[in-house]
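K.L.:
no letters, just coordinates:
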């Protein structure tokens, strides 16, 4: 399964830099493996802090 983990404000962002994280799950007594791939932005923390700062300034 592939998941996209981005915020609404990431839409059309010129600084969006995709990054992937792959999580593999293996079940006991089974050779089956399930993978979860998450796509995020490398700048997510920076943008989150900026949004928090701007919201605080507006209040």
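P.N.:
Thanks, I have the structure now. These numbers were taken from a predicted model, which means no experiment stands behind them.
K.L.:
tell me the phi and psi of the closest residue to residue 1 other than its chain neighbours?
P.N.:
Nearest residue to residue 1 in three dimensions, chain neighbours excluded: residue 36, at 5.5 Å (Cβ to Cβ, 6 or more residues apart in numbering). C-beta: built from backbone N, CA, C; applies to glycine. Main-chain torsions, residue 36, degrees, to the nearest 10: phi -120, psi 120.
K.L.:
and residue 50, by the same measure?
P.N.:
phi -60, psi -50.
K.L.:
measure how buried it is and give me the count.
P.N.:
Residue 50: 12 surrounding residues under other Cβ atoms under 10 Å.
K.L.:
same question for residue 43.
P.N.:
Residue neighbour count, defined by other Cβ under 10 Å, stands at 15 for residue 43.
K.L.:
contacting residues around the residue nearest the centre of the chain?
P.N.:
When Cα atoms, centre = their mean is applied to the chain, the residue found nearest the centroid is residue 40 (2.9 Å). Residue 40 is in contact with 5, 6, 18, 19, 20, 21, counting by Cβ atoms under 8 Å, 6 or more residues apart in numbering.
K.L.:
what strand or helix carries it?
P.N.:
Per DSSP states H and E: residue 40 is located in strand 33-41.
K.L.:
could you do residue 20 as well?
P.N.:
Take DSSP H and E as the rule and residue 20 turns out to sit in strand 18-26.
K.L.:
list the neighbouring strands of that strand plus their orientation.
P.N.:
According to DSSP bridges, strand 18-26 forms sheet pairs with strand 33-41 (antiparallel).
K.L.:
and the strand it pairs with, average pLDDT?
P.N.:
For strand 33-41, mean pLDDT is 87.
K.L.:
just stretch 14-28 next, same as before
P.N.:
Average pLDDT, stretch 14-28: 85.
K.L.:
thank you kindly, that will do.
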